[in-house]
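> turn this into a model:
(one chain, ligands or ions: 1)
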Amino acid sequence: MLGPVILAASRSDRIRRLISAAPVTKQVVDRFIPGERVDDIVPVVRELTGRGLDVTMDVVGEDITRPEQAAAARDAYLELIDRLKELELGERAEMSVKLSLFGQALDGGHDLALANVRPVVEAAAEIGTTVTLDAEDHTTLDSMFAIHDELRRDFPQTGCVIQAYLFRTEADARRLAENGSRVRLVKGAYKEPADVAFQQKAEIDKAYVRVLKILMDGEGYPMIGSHDPRLISIAQELAHRAGRKLDEYEFQMLYGIRGDEHLRLAAEGHRMRVYTAYGTDWYGYFMRRLAEKPANLRFFLRAMVSK
Ligand code: FDA
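Numbering: from 1, shown residues only. This is a model prediction of the structure:
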């Protein structure tokens, strides 16, 4: 019940100001977002990869209002990629990108987002890695998939995300499960209406398994984005049944969530990629993490009252 309320709050400027100003917020935010500047994040990448984990890097931010902000986001990614070059990690450190941060919701946003993301994909390819396009709310997805198709003409390794809670996703998965594609499957983190998305956890979990089966039986490279222990063991079973080797799929989890599980899967020989977000505009990302688990909100509120 609390999740949708928190997701609605994530769109409110008033609540954004209140939460951002609270003195304890920073300490709770740090659990999920381990830095604000590129200088903070390079040592985090070094540490995670030193422990046998791979990373996908996200510069946080989404609700921009001016094209200059989109250009600044593009430049932040370019600076990050430039810094990652010295670590020589290749595809062990890839980027995750939200097209809204690149201007997708502004006037002429589709073309603007494509123009901003292309140099990031090019720079990533130059250091031997790639970019995955995150999935945002359902109204943005046709544009996201069109940009994905366009980028894949020159950079076929460009990945995208699909969300199990949407009715459209089985069809998207069938289209995407082709040779050379990289698709991250997640449950979905936005507040979506009942005419486009399943609302109950049990239905979403069942849809996740159906879509995962399509990806595992297909010819692409599935990326299992979930912390759900049941879905992780089902993924292992489906990969085994599809005859996939350990390097023919990967697990992905968010920084700060089930860290022991990251290490356990990596120790079993799985490729385990940690989605690591950083930057100053962390509000939307942080609120979605609170919405996913009521205990996070309780922890946050307790920290606020104990100050
Ligand atoms: P579920 O929510 O059932 O959680 C399973 C267990 O994991 C919980 O019982 C708890 O132990 C732990 N857990 C999960 N979330 C937690 C949290 N916030 N805090 C503490 N513990 C938590 N969504 C989207 O719409 N577009 C996208 O592009 C992405 N990208 C993305 C990348 C990666 C790598 C991941 C892992 C997830 C995303 N997501 C996303 C978010 C995704 O849609 C979903 O909201 C979260 O992963 C939570 O769902 P789970 O599958 O983990 O299951």
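> ok, now which ones touch residue 228?
By CB atoms under 8 Å, 6 or more residues apart in numbering, residue 228 lies in contact with 187, 205, 208. C-beta: built from backbone N, CA, C; applies to glycine.
> from the residues you listed, which is closest to residue 258?
Of all the contacts of residue 228, residue 258 sits closest to residue 187, with 14.5 Å by CB to CB.
> and the residue nearest the centre of the chain, how far is that from residue 273?
By CA atoms, centre = their mean, the chain has its centre lying nearest to residue 134, at 5.3 Å. For residue 134, the distance to residue 273 (CB to CB, to the nearest Å) stands at 14 Å.
> contact residues of the stretch 151-300 of the chain facing the ligand?
Proximity of the stretch 151-300 of the chain to the ligand, by CB under 6 Å from any ligand atom, involves residues 161, 163, 186-190, 225-228, 252-254, 257-258, 275, 289, 292-293, 296.
> and those residues, which are buried?
Burial by neighbour count, 16 or more other CB atoms under 10 Å: within these this picks out 161, 163, 186-190, 225-227, 252-254, 257-258, 275, 289, 292, 296.
> out of the residues you listed, name the ones that lie in helices.
Mapping those onto helices (DSSP state H) picks out 289, 292, 296.
> tell me, how many residues neighbour the residue lying closest to the first one once chain neighbours are set aside?
Right, the one you point to is residue 289. Leaving aside its sequence neighbours, residue 289 sits nearest to residue 32 (CB to CB, 6 or more residues apart in numbering; 5.0 Å). Residue 32: 20 surrounding residues under other CB atoms under 10 Å.
> need the contact list for residue 32.
Counted by CB under 8 Å, 6+ apart, residue 32 has contacts 254, 255, 256, 257, 277, 282, 285, 286, 289.
> measure residue 69 to the ligand for me?
20 Å (CB to the nearest ligand atom, to the nearest Å).
> buried residues, the one helix or strand that residue maps to. List them.
Assigned by DSSP states H and E, residue 69 belongs to helix 67-85. Buried residues in helix 67-85, defined by neighbour count with 16+ other CB under 10 Å: 67, 69, 70, 73, 74, 76, 77, 80, 81, 84.
> and the contacts of it?
Helix 67-85 has contacts (CB under 8 Å, 6+ apart) with 38, 41-42, 45, 57, 59, 61, 64, 93, 95, 97, 101-103, 106, 112-113, 116-117, 119-120, 123-124, 126-127, 129, 279.
> if we can go back for a sec, now intersect the buried ones among the residues of the stretch 151-300 of the chain next to the ligand with the strands, please.
161, 163, 186, 225, 252, 253, 254, 275 (DSSP state E).
> now those residues as TSV including pLDDT and distance to residue 214?
Shown next, in TSV, are these (pLDDT from 0 to 100; distance: CB to CB, whole Å):
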residue	pLDDT	distance to residue 214
161	98	15
163	98	14
186	98	15
225	98	15
252	98	18
253	98	22
254	97	24
275	98	22
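> could you report the pLDDT at residue 22?
pLDDT recorded at residue 22 is 74.
> what about the strands in the stretch 201-307 of the chain?
Listed in chain order, the strands of the stretch 201-307 of the chain (DSSP state E, counting those that start in this stretch) span 221-225, 250-254, 272-278.
> for those strands, which one ends up most surrounded?
Mean neighbour count (mean count of other CB atoms under 10 Å) peaks for strand 221-225 among those, with a mean of 25.
> can you list the strands that it pairs with?
Using DSSP bridges, strand 221-225 pairs in its sheet with strand 182-186 (parallel), strand 250-254 (parallel).
> next, the angle strand 272-278 makes with that strand.
Per axes from the mean of the first three to the mean of the last three CA atoms, to 10 degrees, the angle that strand 221-225 makes with strand 272-278 is 60 degrees.
> quick one: residues in contact with strand 221-225.
132, 159, 161, 180-186, 212, 215-216, 231-232, 235, 239, 248-253, 273, 275.
> likewise for stretch 167-178?
Identification of contacts with stretch 167-178 by CB under 8 Å, 6+ apart yields 138, 141, 145, 160, 162-163, 183, 185, 196-198, 207, 210-211, 214-215, 217-220.
> out of the ones in strands among the buried ones among the residues of the stretch 151-300 of the chain next to the ligand, which two sit at the greatest distance?
So, these by CB to CB: farthest apart are 163 and 253, at 16.3 Å.
> let's see the pLDDT reported for the closest residue to residue 257 other than its chain neighbours.
Closest residue to residue 257 apart from its sequence neighbours, by CB to CB, 6+ apart: residue 227 at 5.4 Å. As predicted, residue 227 sits at a pLDDT of 97.
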